[in-house]
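Student: Starting from these lines, generate the structure:
(one chain, ligands or ions: 2)
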Amino acid sequence: MSKDKLVIFDTTLRDGEQSPGASMDKEEKLEIAQQLEKMKVDVIEAGFAVASPGDFEAVKLVADNIKDSTICSLSRAVDKDIEVAGEALKGANSGRIHTFIATSPLHMKHKLQMEPEAVIEQAVKSVRLARNLCEDVEFSCEDAGRSDLDFMCEIVEKVIDAGARTINIPDTVGYNMPEQYANTIQQLIERIPNSDKAIFSVHCHNDLGLAVANSLAAVQKGARQVECTINGLGERAGNASLEEVIMAIKTRPDFFDVDVDIDTRHIVPTSQLVSKITGFAVQPNKAIVGDNAFAHESGIHQDGVLKNRETYEIMRAEDVGWANNRMVLGKHSGRNAFKSHLAGLGIQFDNNDELKEAFVAFKKLADQKHDILDEDLLSLIKR
Ligand SMILES: CC(=O)SCCNC(=O)CCNC(=O)[C@H](O)C(C)(C)COP(=O)(O)OP(=O)(O)OC[C@H]1O[C@@H](n2cnc3c(N)ncnc32)[C@H](O)[C@@H]1OP(=O)(O)O
Ligand SMILES: CC(C)C(=O)C(=O)O
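Tutor: Ligands and ions are numbered 1, 2, ... in the order given. Now for the predicted structure:
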């Protein structure tokens, strides 16, 4: 039986850009969008067109130039925002207006200072206006993670009737636990009478380090779009990381009944491009795209990987765009990796005693020096 498609919605250029210090100009956004298009990302949220003249130009430039992915602009549930988004997206092959309004009691009372009934009215009016400008409209219940379920059922049913075809349920402040969030998605899909007319989407923040876990738990309960960012960039502690979501789905086809169209070989180059443009370094131990994600320094692991990579690797480095996995020699390394590394440098040992002697000298050096370079090894062997 063929699996459902999971829509990958990348918001590096919108929510990712909301990381303090990560602003991008229009050429930088286009360069990243081109890389996302190569990766076959389904939807690229290029910005928030009304935010500034520069962001309007950026959304427009991306919409005019990217032809294989849907291009999206965010807008509040405000006429002007929606009209400006529609204008910026005019040149898109496939454009989407994404409009949102907060639905939690806290946000409605203190931030919007609106009664719940007025929020519903505003949402419906906004979706209708967006549909007049664009076929493809997404609606988000901001702070859904702290919203009342009955209220969300009511507003979502009405915005689907008004023409929204993607319903996004963001855990805006990263407050939810995986089981709880997945249950919300399941309940919405089961209880809303017209839920079959829309794709349910998730958008999770990482304030408690649960953005990817929450997104994946929701996919198990019927979500069919995940909003995510390269390197997990995003407001505060960031969004669900695109590379982690995708590789979880790809690595565990036995667990997930969805598949993605992504060309995973572009993941690492895209991560490096985003890091270079934003100036946000990727931590070495970051899953998939960190420098150490496919590196081994411990002797027992190196020995296992030399015999069969699957002993310590659940994915292939090459499948996500690394040239290869890496063996790093250090104080935890063993004889097998040492010998194999030196063989790669053209050095063979005549007998076991020679190997043993060189290995003892290497361990002494490794106790003193953090990074062992090939030059260190060559001078050690010479001595
Ligand atoms: C969870 C998220 O990531 S939401 C997206 C967050 N991203 C951004 O805010 C980046 C872009 N934002 C901006 O450039 C600006 O905030 C703008 C252009 C949207 C608005 O700027 P301003 O008009 O100066 O308003 P300001 O930002 O000070 O306040 C927001 C106003 O929008 C209202 N508002 C907030 N969200 C919504 C919404 N979804 N729908 C309607 N109104 C909303 C607020 O209640 C507030 O209204 P008030 O001015 O009557 O008090
Ligand atoms: C506007 C929505 C999609 C959002 O970014 C959030 O709630 O975090």
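Student: show me where the stretch 201-350 of the chain has helices.
Tutor: For the stretch 201-350 of the chain, applying DSSP state H, counting those that start in this stretch gives helices covering 211-220, 242-251, 267-278, 299-307, 335-344.
Student: elements contacting the shortest one?
Tutor: In this case it means helix 299-307. Counting contacts by 3 or more Cβ pairs under 8 Å, 6 or more residues apart in numbering; DSSP states H and E, helix 299-307 packs against strand 326-327, helix 335-344. C-beta here means a position set from N, CA and C on the backbone, and glycine is covered the same way.
Student: For the stretch 151-300 of the chain, what lies in contact range of ligand 1?
Tutor: Thr172, Glu235 (Cβ under 6 Å from any ligand atom).
Student: Residue of the stretch 151-300 of the chain nearest ligand 1, please.
Tutor: Thr172 (4.9 Å; Cβ to the nearest ligand atom).
Student: who touches the closest residue to Gly238 other than its chain neighbours in this structure?
Tutor: Once flanking residues are discounted, Gly238 sits nearest to Gly232: 4.3 Å by Cβ to Cβ, 6 or more residues apart in numbering. By Cβ atoms under 8 Å, 6 or more residues apart in numbering, Gly232 lies in contact with Asn206, Ala211, Val212, Gly238, Asn239, Ala240, Ser241, Glu244, Lys286.
Student: which of those count as buried?
Tutor: For those, a burial check counting by 16 or more other Cβ atoms under 10 Å picks out Asn206, Ala211, Val212, Gly238, Asn239, Ala240, Ser241, Glu244, Lys286.
Student: Next, format these as a markdown table and append distance to ligand 2 and pLDDT.
Tutor: Formatted as a markdown table, the buried ones among the contacts of Gly232 follow (distance: Cβ to the nearest ligand atom, whole Å; pLDDT from 0 to 100):
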| residue | distance to ligand 2 | pLDDT |
| --- | --- | --- |
| Asn206 | 11 | 98 |
| Ala211 | 10 | 99 |
| Val212 | 15 | 99 |
| Gly238 | 11 | 98 |
| Asn239 | 8 | 98 |
| Ala240 | 11 | 99 |
| Ser241 | 15 | 98 |
| Glu244 | 18 | 99 |
| Lys286 | 21 | 98 |
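Student: three-state assignment of Ile97?
Tutor: strand (DSSP: H, G, I helix; E, B strand; the rest coil).
Student: these two touch, right, Ala46 and Ser69?
Tutor: No. Between Ala46 and Ser69 there is no contact under Cβ atoms under 8 Å: 9.7 Å.
Student: can you list residues touching both of those two?
Tutor: Ala33.
Student: quick one: low-confidence ranges for the chain?
Tutor: Within the chain, not a single segment meets pLDDT under 70.
Student: ok, now with 90
Tutor: 1-2, 350, 370-371, 381-383 (pLDDT under 90).
Student: Can you tell me which residue is spatially central in it?
Tutor: Leu242 (1.9 Å; Cα atoms, centre = their mean).
Student: burial of the closest residue to that one other than its chain neighbours, as a residue count?
Tutor: Sequence neighbours aside, Cys228 is the residue nearest to Leu242 in space, at 4.1 Å (criterion: Cβ to Cβ, 6+ apart). Residues lying near Cys228 (other Cβ atoms under 10 Å) number 31.
Student: which residues does Cys228 contact?
Tutor: Ile8, Phe9, Asp10, Thr11, Ser215, Asn239, Ala240, Ser241, Leu242, Val245.
Student: what about Glu121, which helix or strand?
Tutor: Per DSSP states H and E, Glu121 falls inside helix 116-133.
Student: so does whichever helix or strand Val156 is part of get close to ligand 2?
Tutor: Secondary structure from DSSP H and E places Val156 in helix 149-161. No. Judged by Cβ under 6 Å from any ligand atom, helix 149-161 stays clear of ligand 2, getting no closer than 13.1 Å.
Student: Against Lys5, how distant is Ser75?
Tutor: Distance, Ser75 to Lys5, by Cβ to Cβ, to the nearest Å: 26 Å.
Student: between these two, who's got more neighbours?
Tutor: Ser75 (26 against 14).
Student: beta partners of that one?
Tutor: Thr99 (DSSP bridges).
Student: Next up, the contacts around it.
Tutor: 48-50, 81-82, 84-85, 97-100, 126, 130.
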